[in-house]
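>>> I need the structure of the sequence given here:
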Amino acid sequence: MGEIRLSSEKRLRLFTGRGYPELAQEVADQLGIPLTPTSAYDFANGEIFVRFEESVRGCDAFVIQSHTEPLNKQIMEQLIMVDALKRASAKRITVVVPFYGYARQDKKHRGREPISARLIADLFKTAGADRLMTVDLHTAQIQGFFDGPVDHLFALPLLTNYVGSKVDRSRLTIVSPDSGRVRVAERWSDLLGGCPIAFIHKTRDPLIPNEAVVGRVVGDVAGRTCVVIDDMIDTAGTITKAVDALIDAGATEVLVAATHAVLSGPAVERLKSSKVAEVVITNTLPTSDANKFDKLTILSIAPLLARAIKEVFEDGSVTSLFDGHS
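Below is the predicted model of the structure:
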């Protein structure tokens, strides 16, 4: 009988959905590997079909898909890709979600509401995902929704390095747009040499229903360069109100730094017409040419994702990528 030789060599395979292939290609280039050829198309009734053009048996699969618009379609396509990999005998499947859809629905505010962030985690687990990798979740508790390892990466070093190189740190104040982000502001402060922190205290006029939130600045910002930080910019209402409040309180210059640029509806117009000096974001979500403007700076998250994928594949440590220190 001929001798049977077993190959124990692991194979890293990178897959992308159609949501944001440009970011996946950037990650592939960083890793020095090609994206696995994939055939994907929609049937006339909107159903999604996916097939991989090469064998994936026994591979360590990483499926990249940012939950961009149309969000529900991107999530469904990624779920179908995971199912296809499971049925094609991939050894381990890691779902890479730079922007995690439904992350803001992470708890019940009132009765009869869903916890959709948990549902998304359950769907990926059911589809066959072994591991989840994501960037700057809306709240850290979402890590506990997925029954398996979660690599929660932070864009913090990327953003702080850029901001720190642009401004005079001795005149810098980090500003949380609400009391809930003060802990993140403290981490920004630590990485930028212990600069002071302020936050916007939100108050409503109880006599005026549905009136927009009025922000009062807590902390000394007069004559200082302020950086307003948040995990995402959606309609930019909160952010632009924070910028106005800081300028009114005597700030000389205000920058905005956020990981996810959702930029829905009036966001771009609001930011363009605001008194903000610069808006710094990452490319966890695609930004169309129509949504780009002079004051916008986009930093690439691809090197961070590539480092994390490499560490996971090689069973190395990703702790340094979790705690916000590079």
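
>>> Check the model's average confidence along whatever helix or strand Leu85 lives in for me.
Per DSSP states H and E: Leu85 is located in helix 71-87. Per-region confidence: helix 71-87 scores 98 on mean pLDDT.

>>> quick one: contacts of it?
With contact meaning Cβ atoms under 8 Å, 6 or more residues apart in numbering, helix 71-87 is reached by 15, 17-19, 38, 40, 48-52, 56, 61, 63, 65-68, 93, 95, 97, 101, 120, 123-124, 127-129. Using the backbone N, CA and C atoms, a C-beta is placed for each residue, glycine as well.

>>> Filter the residues you listed down to just the ones in strands.
Among the contacts of helix 71-87, DSSP state E puts 15, 38, 40, 48-52, 61, 63, 93, 95, 97 in strands.

>>> returning to that earlier point: can I get the helix holding Leu85 in CSV, CA atoms only?
The C-alpha trace of helix 71-87 is given here as CSV (Å, rounded to 0.1, in the frame of the first residue of the first chain):
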residue,chain,number,x,y,z
LEU,A,71,-27.7,47.1,5.2
ASN,A,72,-30.1,44.2,5.4
LYS,A,73,-28.8,42.9,2.0
GLN,A,74,-25.2,43.0,3.1
ILE,A,75,-26.0,41.1,6.3
MET,A,76,-27.9,38.4,4.4
GLU,A,77,-25.2,38.0,1.8
GLN,A,78,-22.6,37.6,4.5
LEU,A,79,-24.8,35.0,6.2
ILE,A,80,-25.1,33.1,3.0
MET,A,81,-21.4,33.1,2.4
VAL,A,82,-20.8,31.7,5.9
ASP,A,83,-23.3,29.0,5.2
ALA,A,84,-21.6,28.1,1.9
LEU,A,85,-18.2,27.9,3.6
LYS,A,86,-19.6,25.7,6.4
ARG,A,87,-21.2,23.3,3.8
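
>>> thinking again about what came up before, what subset of the contacts of helix 71-87 is buried?
Among the contacts of helix 71-87, the ones that count as buried by 16 or more other Cβ atoms under 10 Å are 15, 17, 19, 38, 40, 48, 50, 52, 56, 61, 63, 65-68, 93, 95, 97, 101, 120, 124, 127-129.

>>> so where do the strands sit in this protein?
Taking DSSP E as the criterion, the chain carries its strands at 12-16, 38-42, 48-52, 60-64, 92-97, 131-135, 150-153, 172-176, 197-203, 214-218, 225-233, 253-261, 278-282, 296-299.

>>> Including mean pLDDT and distance to Glu311, could those go into a markdown table?
What follows is the strands of the chain, written out as a markdown table (pLDDT from 0 to 100; distance: least, Cβ to Cβ, whole Å):
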| stretch | mean pLDDT | distance to Glu311 |
| --- | --- | --- |
| strand 12-16 | 97 | 12 |
| strand 38-42 | 98 | 24 |
| strand 48-52 | 98 | 24 |
| strand 60-64 | 98 | 12 |
| strand 92-97 | 98 | 12 |
| strand 131-135 | 97 | 10 |
| strand 150-153 | 96 | 9 |
| strand 172-176 | 97 | 29 |
| strand 197-203 | 89 | 31 |
| strand 214-218 | 86 | 39 |
| strand 225-233 | 96 | 23 |
| strand 253-261 | 98 | 20 |
| strand 278-282 | 98 | 19 |
| strand 296-299 | 98 | 21 |
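
>>> Thank you kindly, that will do.
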